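Asks: Give me coordinates for this.
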Amino acid sequence: MHTIGQRIRSARENAKMTARELAKHLGVSPTRLSNWESGTNRPRAEYISSISRILEVSTDYLLGITAKNQLQVSEEPSIYSSIPNINLTSDENKLLSLWREASYDGQQAALAVLSTCVDLKKRREEETGAG
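Replies: Prediction:
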């Protein structure tokens, strides 16, 4: 029987993604990913969900519940398929990963918080520049 680490490695290789690339998408170090794939450690639930989405396999497959490694996706084309490869920082990858996991209400709350932060920054800049 395959371990979760073996299934992650298999899905990553099937996706033609290097360990470094997957680690970057997840916002973790390559060593951490290597520890998961080797079975030294197990990823937390939020990482399993992210790995599933990035590699387009089901969480059931990663967890060994099913032998099928296919994710049921809608017939709608992904909006991300037309976006060129962009180099994101670790924090930007984490933010994007969390965004994708959040509910619609959670996304709206995050937008409100970020908008408030940007507004505060602009006000401070105006006050500093004006004084």
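Asks: Starting from S90, give me the distance back to Y47.
Replies: Taking Cβ to Cβ, to the nearest Å as the measure, Y47 and S90 are separated by 14 Å. No exception for glycine: its C-beta is placed from N, CA and C like everyone else's.
Asks: Over to V57?
Replies: V57 sits at a distance of 23 Å from S90 (criterion: Cβ to Cβ).
Asks: Which one's more surrounded, Y47 and S90?
Replies: Neighbours per residue (other Cβ atoms under 10 Å) separate Y47 from S90, with Y47 holding more: 19 against 13.
Asks: who's in contact with that one?
Replies: Counting by Cβ atoms under 8 Å, 6 or more residues apart in numbering, Y47 makes contact with L26, V28, W36.
Asks: For it, identify the helix or strand it belongs to.
Replies: Assigned by DSSP states H and E, Y47 falls within helix 45-55.
Asks: and that helix, how far out from the chain's middle?
Replies: Offset of helix 45-55 from its chain centre (Cα atoms, centre = their mean, to the nearest Å): 7 Å.
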